[in-house]
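> got a predicted model here, sequence first, then my questions.
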Amino acid sequence: MKIYWHIAKATWQEYLSYRLNFLLEVIGGIFTMLIAIAVWFAVFAGDSTRIVGTYTLGQMVSYLLIAGVISTILFLTAQGDDINNDINRGTVSALLIKPINVPFYWFTRDFVRKFFTLILGVAELAIIIFLFRSYFVLPSSALNLMFFVLAIILAAIIHFLLFAILSVIAFWFEETWGWRFVMRIVMEVSAGAIIPLSLFPGFWRTIFEILPFQYFIYFPMQIYFGKIDTGGIFTGFAFVLAWLLILSFMFLILWKRGVRRYVGYGG
């Protein structure tokens, strides 16, 4: 683990060099969040007693604020670039001969990047919460807050696996950016980043609930507001763990076959 700690520190120093790029990306996400809040203020007509679906104006504003930060952390523009570039540029060769687990190396770098973006995002969020403090809703309980944080951590792992799967196919395809871009757009809608999934029509809601993307934002936010009971929380976590196993298995199969192909071609 000491090796990966050094990798994490080196990655942190690397990202500090590009902190302006990260800050601009966070600011872009903040503007998107503010536009969404303005739209919902219009829907509620500024009436804090009105309920749309199961949400009050305060809950909707809080939902969009927190969902905006989660989106900024997860839906990074360059998500998966490390894996794609290491394979296409041949730098994976140097990684394969080092005493490290290459997928875990990528995982470490990914989480450092998410943590770096989290710090920037939380700083921005604190300012916006102050501006909307009369509307901000706190979590329903300390236990729900704990489950909320756990759900976000597991969501970050699922998110890494999904993009790792799309990136590792670079062993077979020259470029994977287009696939990852489409995935990112689909995720933002079907995760509930813009509109809570409960407000979608029945057909689309059913489709979104089948996919794993709801566990990025919608599921954690339902925990945060206490809109699902303890049984629903544990059922949700059971599905999260199932997706983790499925996606891990898929990634490992593609990784092992990809490495065999890469070495076979003299990479």
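Thanks, I have it. Keep in mind that this is a model prediction, so the values were computed, not measured.

> okay, and residue 145 sits in which element?
Secondary structure from DSSP states H and E places residue 145 in helix 142-168.

> can you give me the mean pLDDT across that helix?
For helix 142-168, the mean pLDDT works out to 92.

> pretty sure residue 220 contacts residue 156?
No. Contact criterion CB atoms under 8 Å: residue 220 and residue 156 do not qualify, at 10.8 Å. From N, CA and C alone the C-beta is placed, and that goes for glycine too.

> mutual contacts of those two, please.
Common contacts of residue 220 and residue 156 (CB atoms under 8 Å, 6 or more residues apart in numbering): none found.

> looking at the two, which one has more neighbours?
residue 220 (27 against 19; other CB atoms under 10 Å).

> count of neighbours near the nearest residue to the more buried one once chain neighbours are set aside?
Residue nearest to residue 220 in three dimensions, not counting chain neighbours: residue 151, with 4.1 Å by CB to CB, 6 or more residues apart in numbering. A count of nearby residues for residue 151, using other CB under 10 Å, gives 23.

> equivalent analysis for residue 245, please.
Neighbour number of residue 245 under other CB under 10 Å is 9.

> next one: phi and psi at it?
Main-chain dihedrals, residue 245, degrees, to the nearest 10: phi -70, psi -50.

> how close does it sit to residue 259?
21 Å (CB to CB, to the nearest Å).

> what pLDDT is listed against the residue nearest to residue 69 when sequence neighbours are not counted?
Nearest non-adjacent residue to residue 69, counting by CB to CB, 6+ apart: residue 121, 4.5 Å away. pLDDT, residue 121: 72.

> what's the local residue count around residue 121?
Residues near residue 121, counting by other CB under 10 Å: 24.

> show me where the chain has its strands.
All strands of the chain, identified by DSSP state E, fall at 51-52, 55-56.

> compute the number of surrounding residues for residue 38.
9.

> I'd like the distance between residue 125 and residue 107.
For residue 125, the distance to residue 107 - CB to CB - is 25 Å.

> and residue 228, by the same measure?
In terms of CB to CB, residue 228 sits 29 Å off from residue 107.

> contact partners of stretch 239-255?
102-103, 151, 154-155, 157-158, 161-162, 164-165, 168-169, 171, 212, 215, 219.

> follow-up on the earlier one: might you report the residue contacts of the residue nearest to residue 220?
215, 219, 220, 223, 236, 237, 240.

> tell me which of those is nearest to residue 186?
Distance to residue 186, by CB to CB, is smallest for residue 215 among these, at 14.3 Å.

> the closest one contacts residue 157, correct?
No. Between residue 215 and residue 157 there is no contact under CB under 8 Å: 10.4 Å.

> which one of those two is surrounded by more residues?
residue 215 (23 against 17).

> quick one: contacts for that one?
So residue 215 contacts 151, 154, 155, 158, 236, 239, 240, 243 (CB under 8 Å, 6+ apart).

> I'd like these as JSON lines, with distance to residue 111 appended.
Output for these, formatted as JSON lines (distance: CB to CB, whole Å):
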{"residue": "151", "distance to residue 111": "16"}
{"residue": "154", "distance to residue 111": "12"}
{"residue": "155", "distance to residue 111": "12"}
{"residue": "158", "distance to residue 111": "13"}
{"residue": "236", "distance to residue 111": "22"}
{"residue": "239", "distance to residue 111": "22"}
{"residue": "240", "distance to residue 111": "17"}
{"residue": "243", "distance to residue 111": "18"}
